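In: The sequence isn't on hand, but the structure is:
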């Protein structure tokens with residue numbers, strides 16, 4: 001057990017280990033921002049609109065309110081006609097899941 005901990009510490013001090021560490025921090029921050037944004041949207045939807053409003057669920061409305069890095073990148077791609085409006089939600093979820101998977105394996 002002690003030998004494994006020493007090997008892990010040595011790997012963490014290498015340039016690749018430092019890059020993995022910083023990527024882990026960046027991915028964690030992005031995921032926390034996305035989670036906080038989703039919780040905020042749910043709270044606003046159900047508590048400030050009297051239990052929900054059909055207009056609040058429109059894809060355009062949801063996209064305009066979010067400002068995290070993933071959403072910004074997808075909006076840029078949509079603006080350049082590289083991503084369709086229908087694929088936005090799927091790509092957003094896939095990117096979040098991929099980042100989560102990378103975090104769990106690093």
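Out: Arrived safely. None of these values were measured; they are calculated from a predicted model. Residues are numbered from 1 along each chain as shown.

In: shaky segments in this structure?
Out: Along the chain, segments meeting pLDDT under 70 span 49-67, 106.

In: mind listing the helices for it?
Out: Taking DSSP state H, the helices of the chain run over residues 2-12, 15-47, 59-65, 69-79, 88-105.

In: want to throw those into JSON lines with mean neighbour count?
Out: Yep, even glycine has a C-beta here, placed from its N, CA and C like the rest. Converted to JSON lines, these look like this (neighbours: other Cβ atoms under 10 Å):
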{"stretch": "helix 2-12", "mean neighbour count": "9"}
{"stretch": "helix 15-47", "mean neighbour count": "13"}
{"stretch": "helix 59-65", "mean neighbour count": "13"}
{"stretch": "helix 69-79", "mean neighbour count": "15"}
{"stretch": "helix 88-105", "mean neighbour count": "13"}
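
In: next one: stretch 82-92 to chain centre, how far?
Out: 14 Å (Cα atoms, centre = their mean, to the nearest Å).

In: What is the end-to-end distance of it?
Out: End-to-end distance for stretch 82-92, by Cα to Cα, to the nearest Å: 14 Å.

In: Over to stretch 83-90?
Out: For stretch 83-90, the first-to-last residue distance is 11 Å (Cα to Cα).

In: Please determine how far residue 97 is located from residue 90.
Out: 11 Å (Cβ to Cβ, to the nearest Å).

In: can you pull the contacts of residue 18?
Out: Shown in contact with residue 18 (Cβ atoms under 8 Å, 6 or more residues apart in numbering): residue 12.

In: Distance check, residue 29 against residue 73.
Out: Distance of residue 29 to residue 73, computed by Cβ to Cβ: 15 Å.

In: same check, this time on residue 94
Out: 13 Å.

In: what's the spacing between residue 88 and residue 69?
Out: 15 Å.

In: again, but for residue 30
Out: Taken as Cβ to Cβ, the span from residue 30 to residue 69 is 6 Å.

In: Alright, calling it a day.
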